[in-house]
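Peer 1: Provide a 3D model corresponding to the input given below.
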Amino acid sequence: MSKRDYYDILGVERGASEAELKKAYRRLAMKHHPDRNPDDKASEDKFKEANEAYEVLSDANKRAAFDQYGHAGLDPSMGGGGGGGGGGGGGANFSDIFGDVFSDFFGGARGGQRGGAQRGSDLRYTLELDLEEAVRGTSVTIRVPTLVHCNTCEGSGAKKGTSPVTCTTCGGIGQVRMQQGFFSVQQTCPRCHGNGKMIADPCTSCHGQGRVEEHKTLSVKVPAGVDTGDRIRLSGEGEAGAMGGPAGDLYVVVNVREHAIFQRDGKHLHCEVPISFTDAALGGELEVPTLDGRVKLRIPEGTQTGKLFRLRGKGVAPVRGGGAGDLMCRVAIETPVSLDRRQRELLEEFRKSLQGNTAHSPKASGWFEGVKRFFGDV
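Peer 2: So this is what the prediction gives:
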């Protein structure tokens, strides 16, 4: 079977830069690394294939030969630069690039984590709240799926009456040496995951994991003033650690539902207040809602649509302290509909009384003058 094109293997264009080659190789190496895919022959082959492709394309001479003659240009008998995947020459700095990949696998610590006990994972729970609950604070009960220590084996993973034994793969060291083509690296043992111990006779309750799935019911106190995106940390309420390790944390993430009346903007609230055009023209007094109850809002005569009225201190007191924000009431003037005969007659009389008098429409006169100038009528 003919060999695949090295550029196709890495998934890059033929003119790819050195940085693009390195990035593509790292992605494939991480995806198909044998430590992440134990006993997976297909992934192992792809890992070796990526090594070979990068070893050739990262060397300027080999890449030039491959670009001109393909795989034949790398055949030593043809005077090429040597087959990919061999141990000789080459400008590929695999110690650097594999170090990057290795660091991604094990969090930057060569050889992985030893010592048995490992901290459990943190969990995230999204808590849906009404605006009133978020503003005033509340206490809620949540039910969270998580991993807890197995009571049968007390978290050891071994059947009751037995204990973990020395790992037969690494001999208790927790690390193994892997040979990949022309380089060799020491990595965490894939069988015992760096613990040096393995479960010969697993617990029947947790099947050797030391942890079992369970739903945990928790009470969460939500402080007043929280907003969407705020997090409440419950220490030690995450997943139980492996091999008896400490539990992680639970992060309760707040999401405030949309409100029928108010929109929140930080510590301020906004709402739209519909008023009749007669109230807008003559002025009046309206009852408007706030989170603390109804308040009176005075509307001056001649109020226009979009006018903002600020009710100070009627917003939200932020969770991190500080004074309460304001409530912004935006006026929206409604046009009357479903008029009866007499109402239409009155409006017709009113319209006739306004004809020719622009003093009653301060914006209209300026707007029409602008239209005339736009069309060159003046």
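
Peer 1: So what's the residue count around N61?
Peer 2: 14 (other CB atoms under 10 Å). Every C-beta, even on glycine, is put in place using the N, C-alpha and C of the backbone.

Peer 1: next one: A317
Peer 2: So A317, with other CB under 10 Å, has 17 neighbours.

Peer 1: Does it touch P223 like I think?
Peer 2: No: contact criterion CB atoms under 8 Å: A317 and P223 do not qualify, at 10.4 Å.

Peer 1: all strands of the stretch 1-150 of the chain, in order?
Peer 2: 123-129, 138-149 (DSSP state E, counting those that start in this stretch).

Peer 1: which parts of the last one are buried?
Peer 2: Along strand 138-149, these residues count as buried under the neighbour rule (16 or more other CB atoms under 10 Å): T138, V144, T146, L147, V148, H149.

Peer 1: Now tabulate these in CSV and tack on distance to L291 and pLDDT.
Peer 2: Listed next are these as CSV, based on distance: CB to CB, whole Å; pLDDT from 0 to 100:
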residue, distance to L291, pLDDT
T138, 14, 96
V144, 30, 93
T146, 35, 91
L147, 40, 89
V148, 40, 90
H149, 44, 87
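
Peer 1: For the nearest residue to Q343 once chain neighbours are set aside, which residues are in contact?
Peer 2: Spatial nearest neighbour of Q343, excluding adjacent residues (CB to CB, 6 or more residues apart in numbering): P336 at 7.3 Å. P336 makes contacts with S276, F277, Q343, as judged by CB atoms under 8 Å, 6 or more residues apart in numbering.

Peer 1: For these, give me JSON lines that also has neighbour count, secondary structure and pLDDT.
Peer 2: Below are the contacts of P336 laid out as JSON lines (neighbours: other CB atoms under 10 Å; DSSP: H, G, I helix; E, B strand; the rest coil; pLDDT from 0 to 100):
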{"residue": "S276", "neighbour count": "13", "secondary structure": "strand", "pLDDT": "92"}
{"residue": "F277", "neighbour count": "13", "secondary structure": "helix", "pLDDT": "89"}
{"residue": "Q343", "neighbour count": "11", "secondary structure": "helix", "pLDDT": "93"}
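
Peer 1: wait, which of the buried residues of strand 138-149 is closest to A24?
Peer 2: Using CB to CB, L147 comes nearest to A24 of the buried residues of strand 138-149, at 35.7 Å.

Peer 1: Can I take it that E349 is in a strand?
Peer 2: No: counting by DSSP: H, G, I helix; E, B strand; the rest coil, one finds E349 to be helix, located in no strand.

Peer 1: What about it, how many residues nearby?
Peer 2: 9.

Peer 1: and it, what pLDDT?
Peer 2: E349 is assigned 92 on the pLDDT scale.

Peer 1: for the one 5 residues further on, same thing?
Peer 2: According to the predicted model, the pLDDT of L354 comes to 83.

Peer 1: Next, count neighbours for L308.
Peer 2: 9.

Peer 1: Give me the pLDDT for it.
Peer 2: 95.

Peer 1: Number the residues from 45 up from this point.
Peer 2: OK, 45 is where the count begins now, so the last one is L352.

Peer 1: List the contacts of it.
Peer 2: Going by CB under 8 Å, 6+ apart, the list of residues near L352 reads M372, C373, R374, V375.

Peer 1: With Q307 instead?
Peer 2: L313, H314, C315.

Peer 1: can you check K75 too?
Peer 2: S87.

Peer 1: quick one: pLDDT of it?
Peer 2: So K75 comes in at 84 (pLDDT).

Peer 1: Where does the prediction get shaky in the stretch 95-244 of the chain?
Peer 2: Under the criterion pLDDT under 70, the flagged ranges of the stretch 95-244 of the chain are 119-161, 223-228.

Peer 1: ok, now with 50
Peer 2: 122, 126-159 (pLDDT under 50).

Peer 1: can you map out the helices along it?
Peer 2: 104-113, 138-150, 175-180 (DSSP state H, counting those that start in this stretch).

Peer 1: tell me what the shortest one is packed against?
Peer 2: Looking back up the chat, that one is helix 175-180. strand 294-300 (3 or more CB pairs under 8 Å, 6 or more residues apart in numbering; DSSP states H and E).

Peer 1: partners of the strand it packs on, with directions?
Peer 2: Next to strand 294-300 in the sheet, as set by DSSP bridges, lie strand 167-173 (parallel), strand 275-278 (antiparallel).

Peer 1: Could you dump those strands into JSON lines and include mean neighbour count and distance to P208?
Peer 2: Shown next, in JSON lines, are the strands paired with strand 294-300 (neighbours: other CB atoms under 10 Å; distance: least, CB to CB, whole Å):
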{"stretch": "strand 167-173", "mean neighbour count": "16", "distance to P208": "27"}
{"stretch": "strand 275-278", "mean neighbour count": "14", "distance to P208": "31"}
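
Peer 1: could those strands be laid out in JSON lines, adding distance to G254?
Peer 2: Shown next, in JSON lines, are the strands paired with strand 294-300 (distance: least, CB to CB, whole Å):
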{"stretch": "strand 167-173", "distance to G254": "18"}
{"stretch": "strand 275-278", "distance to G254": "22"}
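
Peer 1: what number of residues lie near A324?
Peer 2: A324 has 21 nearby residues by other CB under 10 Å.

Peer 1: from memory C236 sits against C214, does it?
Peer 2: Yes: when contacts are counted by CB under 8 Å, C236 is listed as touching C214 (6.4 Å).

Peer 1: More neighbours: those two, which one.
Peer 2: C236 (25 against 21).
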